[in-house]
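[1] fold the following for me, if possible:
(2 chains)
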Number of protein chains: 2
Amino acid sequence: MARDTVGRWVTGPPGGPCGTLVPLPTGEQTAERPSTPPEEGTVPGPLRDAARTRRALLDAAARSVVVHGAGVSLDTVAREAGVSKGGLMHHFRSKDELLGALADDLFEQFTRAVEDRVDPDDVAPGRRLRAYVHATFDDLERREEAVELATLLATLGSFPEAARRSQDRYRHWNESLAEDGVDPQRVLLVLRACDGVSIAPLFEGPLGRDELATTRDLLLALTRGEGPPA
Amino acid sequence: MARDTVGRWVTGPPGGPCGTLVPLPTGEQTAERPSTPPEEGTVPGPLRDAARTRRALLDAAARSVVVHGAGVSLDTVAREAGVSKGGLMHHFRSKDELLGALADDLFEQFTRAVEDRVDPDDVAPGRRLRAYVHATFDDLERREEAVELATLLATLGSFPEAARRSQDRYRHWNESLAEDGVDPQRVLLVLRACDGVSIAPLFEGPLGRDELATTRDLLLALTRGEGPPA
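    Predicted coordinates for the structure are as follows:
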């Protein structure tokens, strides 16, 4: 899942349709910030409510995994979301299904973040890869959140269903970025370094702003066919 | 801990003093392969037995964390090691202490692996960084083990004591490799890419041999002041 989860997720704009997976982890936040699907005006009430509950459950699952780790129970997630266990089971029949959906959700958020960051004035080879670098580093710059995201991604990786879906996503990114006009070895190097810097907060705490800026600029230079300093 | 745990650990030669953390995870393996401290001939019996028990406990902790995740109990580790709970508590007074020691142990093994791979005929700048790349990829080439190692490292990262120690180790590597004669931005890039490729098996399963060889050669070229292909 490196491509889509290690650093490749994004929390979405505050109050936006994605909800905010972090900061952690009180039920109040879910209540204060009911996430609404983007199509709200066009969706009948019952479907809208279902989408809202699903959103609340995914947000609660993300918070709960960060706090409780891989052993988190569906009861805990339901309580965190303010939903009955039966309500949760209506949407997700098992923990595997819930965490698989969470992996998909993080991927979709990150994909939107990359698309948002494609510069319309940038017509040079590597424009999508540059957007990918920017999306990765924008996440990392939210320092405390970056630690929680790294923890969440690492924990999700240990669930077979989430890992399986992430492998699919990984292939997607690989194929998509291979058509971006940059030498494949450069793409590989940039993606692996993005993975490394994304997971680093798990082991090192929040990264310093200077190191982040240096690393981002290096990776952007690589997308332009430039080399690192001699 | 990226520097010392994400991909920066090594299992040691089979039957060697490090013991083998993987393959997973039967008590039999510990019994079949009693790890002995290297100084065996010079150490009095009781101390030798203590070192052996400590070694068995660390190996069992590694296997147990991979199988049971962050919620693993000290009882499970003791049973896996074939040691009483009291015996475990004699060596490690808490789970934090055990997992902190495990993080240290992985770091020490990786450090030895890097030292072993420094080429005595290589006097060019970057010789230690090249040894670091080789140690990282040697781990990754043990394919199934690479998945387990990535899982172990990711899980350890969520324990505060293990994470704290890993931050210390990270600084150590940073300082040590900064004196290797390679541009600091190149060092940063190589280390981050090593991190990324080391954690990737957690999300993608074992990496293909071709991708591993390509990535390793790219990183070695970077240590020599060469650039990636245009």
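[2] any idea how far chain B is from residue A:67?
    10 Å (CB to the nearest CB, to the nearest Å). C-beta coordinates here come from the backbone N, C-alpha and C atoms, glycine included.
[3] what's the neighbour count on that residue?
    By the measure other CB atoms under 10 Å in any protein chain shown, the count of residues near residue A:67 is 14.
[4] what about it, which SS state?
    What DSSP: H, G, I helix; E, B strand; the rest coil gives for residue A:67 is helix.
[5] what pLDDT does it get?
    The score at residue A:67 is 88. That number is its pLDDT.
[6] next one: the one 10 residues further on
    Per-residue confidence at residue A:77 stands at 97 (pLDDT).
[7] surely it meets residue A:87?
    No. In terms of CB atoms under 8 Å, residue A:77 does not count as a neighbour of residue A:87; the distance is 10.9 Å.
[8] so which elements touch the host helix or strand of residue A:99?
    For residue A:99, the element it lies in under DSSP states H and E is helix A:95-117. Using 3 or more CB pairs under 8 Å, 6 or more residues apart in numbering or on different chains; DSSP states H and E as the contact test, the elements touching helix A:95-117 are helix A:45-68, helix A:74-81, helix A:127-141, helix A:143-157, helix A:160-178.
[9] what's the angle between the second one and helix A:45-68?
    Interaxial angle, helix A:74-81 versus helix A:45-68 (axes from the mean of the first three to the mean of the last three CA atoms, to 10 degrees): 110 degrees.
[10] list of residues touching helix A:74-81?
    Contact with helix A:74-81 is made by A:25, A:27, A:30, A:53, A:56-57, A:59-61, A:63-64, A:68, A:84-85, A:87-89, A:92, A:95, A:98, as judged by CB atoms under 8 Å, 6 or more residues apart in numbering or on different chains.
[11] what are the buried residues along that helix?
    For helix A:74-81, a neighbour-count test (16 or more other CB atoms under 10 Å in any protein chain shown) marks A:74, A:76, A:77, A:78, A:79, A:80, A:81 as buried.
[12] of the helices and strands packed on helix A:95-117, flag the one that's most buried.
    Ranked by mean neighbour count under mean count of other CB atoms under 10 Å in any protein chain shown, the helices and strands packed on helix A:95-117 are led by helix A:143-157, which reaches a mean of 24.
[13] residue A:193: neighbouring residues, count only.
    26.
[14] can you pull the buried residues of the helix or strand hosting it?
    Element membership of residue A:193, judged by DSSP H and E, is helix A:184-204. Using 16+ other CB under 10 Å as the test for burial, helix A:184-204 gives A:186-204.
[15] touching chain B at all, stretch A:154-166?
    Yes. Shown here: stretch A:154-166 in contact with chain B (CB under 8 Å from any CB of the partner chain) through A:154, A:155, A:157, A:158, A:163, A:166.
[16] quick check: mean pLDDT of that stretch?
    The average pLDDT for stretch A:154-166 rounds to 83.
[17] tally of neighbours for residue A:120?
    Count around residue A:120 with other CB under 10 Å applied: 6.
[18] right, I mislabeled it, should have said residue A:181
    Residues near residue A:181, counting by other CB under 10 Å: 15.
[19] thinking again about what came up before, for the helix holding residue A:99, the distance to its chain's centre please.
    For helix A:95-117, the distance from its own C-alpha centre to the chain's C-alpha centre is 6 Å (CA atoms, centre = their mean, to the nearest Å).
[20] tell me the buried residues in that helix?
    For helix A:95-117, by 16+ other CB under 10 Å, it's A:95, A:98-114, A:117.
[21] what residue ranges in chain A score low on pLDDT?
    Per-residue confidence for chain A (pLDDT under 70) gives these ranges: A:1-43.
[22] let's see 80
    A:1-48, A:70, A:158, A:160, A:167, A:170-171, A:174 (pLDDT under 80).
[23] ok so, going back, let's have the residues of stretch A:154-166 next to chain B in a markdown table, adding distance to residue A:180.
    Shown next, in a markdown table, are the residues of stretch A:154-166 next to chain B (distance: CB to CB, whole Å):
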| residue | distance to residue A:180 |
| --- | --- |
| A:154 | 28 |
| A:155 | 31 |
| A:157 | 26 |
| A:158 | 31 |
| A:163 | 26 |
| A:166 | 21 |
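[24] ok, the residues you listed vs residue A:217, which is closest?
    For the residues of stretch A:154-166 next to chain B, the residue nearest residue A:217 by CB to CB is residue A:154; the value is 26.5 Å.
[25] shouldn't the closest one be in contact with residue B:154?
    Yes. Residue A:154 lies in contact with residue B:154 (CB under 8 Å); the separation is 3.5 Å.
[26] what residues are shared contacts of the two?
    Contacts common to residue A:154 and residue B:154, judged by CB under 8 Å, 6+ apart, are A:199, A:202, B:199, B:202.
[27] among the residues you listed, which two are most distant?
    Pairwise over the shared contacts of residue A:154 and residue B:154, using CB to CB, the maximum falls at A:202 and B:202, 11.0 Å.
[28] anything in contact with each of the two?
    A:154, B:154.
[29] go ahead and confirm residue A:137 touches residue A:216.
    Yes. Contact status for residue A:137 versus residue A:216: in contact at 4.5 Å, counting by CB under 8 Å.
[30] hang on, the earlier thing: tabulate the helices and strands packed on helix A:95-117 in a markdown table, adding columns for distance to residue A:210.
    Formatted as a markdown table, the helices and strands packed on helix A:95-117 follow (distance: least, CB to CB, whole Å):
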| stretch | distance to residue A:210 |
| --- | --- |
| helix A:45-68 | 27 |
| helix A:74-81 | 36 |
| helix A:127-141 | 12 |
| helix A:143-157 | 13 |
| helix A:160-178 | 27 |
